[in-house]
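Student: pasting the structure only:
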């Protein structure tokens, strides 16, 4: 199954071990502060590498500031992985929209 093959490009941690996501960079208009552009990495990165190892560059050495979780599965509110994904997604979007990096 594809889910079994998904791993962080940096640490090789799997989806079962840690949430996986993409590195994201948000460009804002200098004068207004409004989001002008959003770019996303091609590589899958685990949350542990992003937070604990401060991974901010992709394989092409492009710098990113944020992490956005990915969800692989059925949408089911009783599923703990889905609940964790929703929590991480809300937090990630909140950080991007408020310009926070912590």
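Tutor: Done, it's in. All figures in this text were calculated on a predicted structure; none of them were measured in a lab. Residues are numbered from 1 along each chain as shown.

Student: any idea which helix is longest in the protein?
Tutor: Ranked by residue count under DSSP state H, the longest helix found in the chain is helix 80-98.

Student: tally of neighbours for the residue lying closest to residue 73 once chain neighbours are set aside?
Tutor: Closest residue to residue 73 in three dimensions, ignoring its sequence neighbours and counting by CB to CB, 6 or more residues apart in numbering: residue 81, at 6.1 Å. Every residue, glycine included, has its C-beta placed from N, CA and C. A count of nearby residues for residue 81, using other CB atoms under 10 Å, gives 15.

Student: and the lengthiest strand in the chain, average pLDDT?
Tutor: Looking across the chain with DSSP state E, the single longest strand is strand 35-46. Throughout strand 35-46, pLDDT has a mean value of 95.

Student: low-confidence ranges in this structure?
Tutor: Across the chain, residues meeting the criterion (pLDDT under 70) sit at 1-4, 101-102.

Student: ok, 80 please
Tutor: 1-4, 77, 100-102 (pLDDT under 80).

Student: residue contacts, the spatially closest residue to residue 43 that is not a sequence neighbour?
Tutor: Distances taken as CB to CB, 6+ apart place residue 9 nearest to residue 43, at 4.1 Å, with adjacent residues excluded. Taking CB atoms under 8 Å, 6 or more residues apart in numbering as the criterion, residue 9 is in contact with 43, 44, 45, 59.
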